[in-house]
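Peer 1: Just a sequence and a predicted model for now, questions to come.
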Amino acid sequence: MKIAPFALAALLSLAAATVPAQAQAQAPVPAAGEWRTPDPENVLVFDTSKGRVIVEMAPAVAPGHVERVRGLVRAGFYDGLTFFRVIDGFMAQTGDPENTGVGGSELPDLKAEYPFRRGATPGFTVIDRMPGNFETPSATEVGFIGVLPVRSLPSMQMMMAADGKVSSWGLFCPGVMGMARAQSPDSANSQFFFMRSAYPSLDNNYTAWGRVIVGQDVVRALKVGEPPAPPLDVMTKVRVMADLPAAQRPRVQVLDVTGPTFKALVAEAKARAGGRPLNPCDIDIPTKVG
């Protein structure tokens with residue numbers, strides 16, 4: 001996965017370049033009903049010195065972190081804060097009022113939400129199954145809850161669990177939003193980071209709470225450094241989409257991962273994988289911006 005997610009036109013162009021010529025005419029084209037409009041309460045609009053980034057949050061996966069970030073956004077806490085740590089091939093960190101990596105809000109630290117307990121709802125779209133290994137002895141399922149890539153213990157184990165749920169965790173693919181923390185798992189507060197590349201060592205070690213749906217190119221354009229050379233890139237304004245006047249809201253739609261077009265994209269990716277387990281980071285979820 002190079003950049004996630006692509007606009008639809010870019011994704012179809014990529015598909016045409018990676019499948020045989022005789023199959024290019026069959027590149028999947030979504031029907032109108034396969035697009036969903038994200039809940040504006042769960043969408044953040046970041047205006048930065050490099051351009052606009054739009055993020056869909058995942059309250060089903062990390063409700064406490066989503067509530068915290070949404071509240072701080074509405075308080076204007078993030079406006080004017082810098083990207084003080086940007087590492088090529090890794091992530092871009094921000095959300096510190098001191099712009100150094102040691103600050104936070106006056107609110108109490110958050111309890112970690114990895115792994116989280118996944119029930120039958122919301123829906124989990126499974127794209128493949130992974131064999132067990134040293135770190136995760138049980139076989140697992142990988143897929144998506146909305147736009148967030150997730151790895152989970154098998155759904156069938158819900159029947160044996162007292163709460164009817166299984167342990168699951170977000171995967172740190174490009175575009176995923178993670179919450180920064182200190183050594184304690186329960187030390188996240190206000191700082192967060194945008195993933196610039198996949199970084200599996202973060203999986204099940206940090207809370208993932210959303211994903212970029214528009215503007216991953218902006219995330220990749222941020223000035224690199226620890227800290228970068230002045231002037232640092234800045235979040236000039238961060239807003240919850242629901243708080244924008246209707247006429248000013250970006251018209252964003254995301255391909256439904258439960259629909260036939262997405263299933264066709266997964267089938268193409270499996271064919272390219274040549275029998276290897278499919279990594280959700282290799283799947284792009286198309287987005288339309290009106």
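Peer 2: Nice, I can see it.
Peer 1: can you give me the strands for the stretch 1-150 of the chain?
Peer 2: In the stretch 1-150 of the chain, the strands defined using DSSP state E, counting those that start in this stretch lie at 35-36, 43-48, 51-57, 85-86, 91-94, 116-118, 125-130, 140-145, 148-152.
Peer 1: Give me the distance between residue 273 and residue 257.
Peer 2: 18 Å (Cβ to Cβ, to the nearest Å). Every C-beta, even on glycine, is put in place using the N, C-alpha and C of the backbone.
Peer 1: Residue 219 now?
Peer 2: The gap separating residue 219 from residue 257 is 22 Å, by Cβ to Cβ.
Peer 1: before we move on, what about residue 57?
Peer 2: Counting by Cβ to Cβ, the separation of residue 57 from residue 257 is 16 Å.
Peer 1: circling back to that earlier point, lowest average pLDDT across the strands of the stretch 1-150 of the chain?
Peer 2: Across the strands of the stretch 1-150 of the chain, strand 125-130 has the smallest mean pLDDT, namely a mean of 93.
Peer 1: Can you tell me which residue is spatially central in the chain?
Peer 2: Centroid-nearest residue in the chain: residue 211, 2.3 Å away (criterion: Cα atoms, centre = their mean).
Peer 1: Remind me which helix or strand that one belongs to.
Peer 2: Following DSSP states H and E, one finds residue 211 within strand 208-214.
Peer 1: Could you pull up the mean pLDDT of that strand?
Peer 2: On average, strand 208-214 scores 98.
Peer 1: and the nearest residue to residue 39 once chain neighbours are set aside, how many neighbours?
Peer 2: Among residues not flanking residue 39 along the chain, residue 242 sits closest, at 8.0 Å (Cβ to Cβ, 6 or more residues apart in numbering). Around residue 242 there are 14 other residues, counting by other Cβ atoms under 10 Å.
Peer 1: got the contact list for residue 242?
Peer 2: Residues in contact with residue 242 (Cβ atoms under 8 Å, 6 or more residues apart in numbering) are 39, 40, 41, 43.
Peer 1: ok, so what distance separates the second one from residue 243?
Peer 2: To residue 243, residue 40 is 8 Å away according to Cβ to Cβ.
Peer 1: Residue 194 too?
Peer 2: Going from residue 194 to residue 243 by Cβ to Cβ gives 21 Å.
Peer 1: okay, the two: which has more neighbours?
Peer 2: Legend: neighbour count by other Cβ under 10 Å for residue 194 and residue 243, higher for residue 194 (27 against 14).
Peer 1: Is the more buried one in a helix, a strand, or coil?
Peer 2: Look at residue 194: counting by DSSP: H, G, I helix; E, B strand; the rest coil, its state is strand.
Peer 1: Do I have it right that it meets residue 211?
Peer 2: No: look at residue 194 against residue 211 with Cβ atoms under 8 Å: they stay out of range, at 9.4 Å.
Peer 1: shared neighbours of these two, anything?
Peer 2: Counting by Cβ under 8 Å, 6+ apart, the common neighbours of residue 194 and residue 211 are 175, 177.
Peer 1: Flag the shaky bits of the stretch 1-150 of the chain, pLDDT-wise.
Peer 2: Scanning the stretch 1-150 of the chain for pLDDT under 70 picks out 1-27, 133-137.
Peer 1: rerun that using 50 as the cut-off
Peer 2: 1-25 (pLDDT under 50).
Peer 1: Could I get the contacting residues of the closest residue in space to residue 252 that isn't next to it in sequence?
Peer 2: Using Cβ to Cβ, 6+ apart and skipping the chain neighbours, the partner closest in space to residue 252 is residue 289 (5.5 Å). For residue 289, the contacting residues are 7, 214, 250, 251, 252, by Cβ under 8 Å, 6+ apart.
Peer 1: measure the last one to residue 45 for me?
Peer 2: Meaning residue 252. Distance from residue 252 to residue 45, by Cβ to Cβ: 9 Å.
Peer 1: Between these two, which is the more surrounded one?
Peer 2: Taking other Cβ under 10 Å, residue 252 and residue 45 do not tie; residue 45 has more neighbours (23 against 20).
Peer 1: Could you give the bridge partners of that one?
Peer 2: residue 54, residue 239 (DSSP bridges).
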